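In: the amino acid sequence is not available; the structure is as follows:
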Ligand SMILES: [Zn+2]
């Protein structure tokens, strides 16, 4: 005997959720049937409201109820540091540490050819616009840009180099910052060695030295890749480094990634070999 069509459809829908197998989907479907009509109506209403009211921040793609999220609106946040994460849940994880005072950019996934996810499916184009906007004194990176258009432009090829931008970036105009590494007070080595998972963005010295006259007196920008060290993560970081370098802002952009290695409290003999190798590579001076 098979399930009636309506029940089979319900099971199938639950089965589509990530991490839900056929058995769990079946249990969830039966649970729905057991609930009262009011309870199910309430559930449907909550899903509908969440879908209607939750938006994506136009700058960083965090989830929020407004067009710009609280983090991007917060003037105390260091806009010269952008932490690039895969999903909103990663942003939340970093926020929970209360150590990071920069801003974020949510990619919405990782490049994964096997799953059919290419760079065009991610929020990479808006990130590049945002980086350019930083040096154009347009903190949102939205100058002349139709955000909706950007979002829907899944088929846009990545901007190799923006001609307009490139033409302005000539040797005469360029006034390299005294801090050629673009670290301006954010001591990356120090951060790496910190046991407290200190993330950059906390340093007041890094705060604004804005000069509307000259884009190259704009704060250097630090990009922190907080992306899982998986095959997809590595491919995404490599790709991002490549397209960001094409912007030819190397002197003004510092790129870093979270160190990988042993989790706090871990036993060395329980760690796998690759983790130990990576931890050795990322060893810090005492
Ligand atoms: Zn935001």
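Out: Alright, I've got the coordinates. Being a predicted model, the structure only gives us computed values, none of them experimental. Numbering: from 1, shown residues only.

In: excluding covalently adjacent residues, which one is nearest to residue 127?
Out: Spatial nearest neighbour of residue 127, chain neighbours left out: residue 105 (5.1 Å); criterion: Cβ to Cβ, 6 or more residues apart in numbering. C-beta: built from backbone N, CA, C; applies to glycine.

In: note down every partner strand of the helix or strand in which the one you found is found and its orientation.
Out: Taking DSSP states H and E as the criterion, residue 105 maps to strand 102-106. In the sheet containing strand 102-106, the strands it pairs with under DSSP bridges are strand 78-85 (parallel).

In: still on that earlier bit, quick check: next helix or strand after the strand holding residue 105?
Out: That would be, after strand 102-106 and using DSSP H and E, helix 124-135.

In: what's the angle from that next one to strand 102-106?
Out: Computed by axes from the mean of the first three to the mean of the last three Cα atoms, to 10 degrees, the angle separating helix 124-135 from strand 102-106 equals 150 degrees.

In: could you give the mean pLDDT of helix 124-135?
Out: Averaging pLDDT along helix 124-135 yields 93.

In: that older thread, hmm, who's touching the strand holding residue 105?
Out: Strand 102-106 is contacted from outside by 59-62, 71-72, 77-88, 90-91, 94, 123, 126-127, 130, 199-201, 222, 224, using Cβ atoms under 8 Å, 6 or more residues apart in numbering.

In: now with 7 Å, please.
Out: Residues from elsewhere that reach strand 102-106 (Cβ atoms under 7 Å, 6 or more residues apart in numbering): 60-62, 71-72, 77-79, 81-85, 87-88, 91, 123, 127, 130, 200-201.

In: near the ion at all, it?
Out: No: using Cβ under 5 Å from the ion, strand 102-106 stays clear of the ion, coming no nearer than 6.8 Å.
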